[in-house]
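Trainee: Task: produce atomic coordinates for the following.
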Amino acid sequence: MNIWLILYVTIILELATVMLRFRHSVKAPHVQKRLRFPMRIHHLYLGVVVIFASGFTQTAFPLLELGFAVALSDLVHHFVVLPLTGHTTEFPGSIK
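Mentor: The predicted structure is shown next:
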């Protein structure tokens, strides 16, 4: 497992998330409503699915690292970035 790749992709994903949320005012409830999702889907969940799927595939593409990076990006966003910017963590089970 390449930890540097995980950290690099995590940083890129988090920068994109911060730009969308704070610069372009894209928020999950609006996207959720527009796409008609019945519940909020955090990208942590997508990361866990990719991690799980990586165990069943043989590919040169680093799926395991991508899954960890996506999951880590969501955790960093909810437990580091949002509290530092004065926002609630907006994550199930988090302390408000």
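
Trainee: any idea how far the residue positioned nearest the centre of the chain lies from Y8?
Mentor: The chain has D74 as the residue nearest its centroid, 3.2 Å off, counting by C-alpha atoms, centre = their mean. As judged by C-beta to C-beta, to the nearest Å, D74 and Y8 stand 16 Å apart. (Each C-beta comes from the backbone N, C-alpha and C, glycine too.)

Trainee: Check V31 too.
Mentor: 26 Å.

Trainee: again with T57
Mentor: When distance is defined by C-beta to C-beta, T57 is 22 Å away from Y8.

Trainee: what do you get for G55?
Mentor: Counting by C-beta to C-beta, the gap from G55 to Y8 is 22 Å.

Trainee: The closest residue to R21 other than its chain neighbours: neighbouring residues, count only.
Mentor: Nearest residue to R21, sequence neighbours excluded (C-beta to C-beta, 6 or more residues apart in numbering): K27, at 6.6 Å. Residues lying near K27 (other C-beta atoms under 10 Å) number 11.

Trainee: any idea how far K27 is from L13?
Mentor: Taking C-beta to C-beta, one finds K27 at 17 Å from L13.

Trainee: Please spell out which residues along stretch 51-66 are buried.
Mentor: For stretch 51-66, burial by neighbour count (16 or more other C-beta atoms under 10 Å) applies to I51, S54, P62, L63, L64, E65, L66.

Trainee: Span of that stretch from start to end?
Mentor: 8 Å (C-alpha to C-alpha, to the nearest Å).
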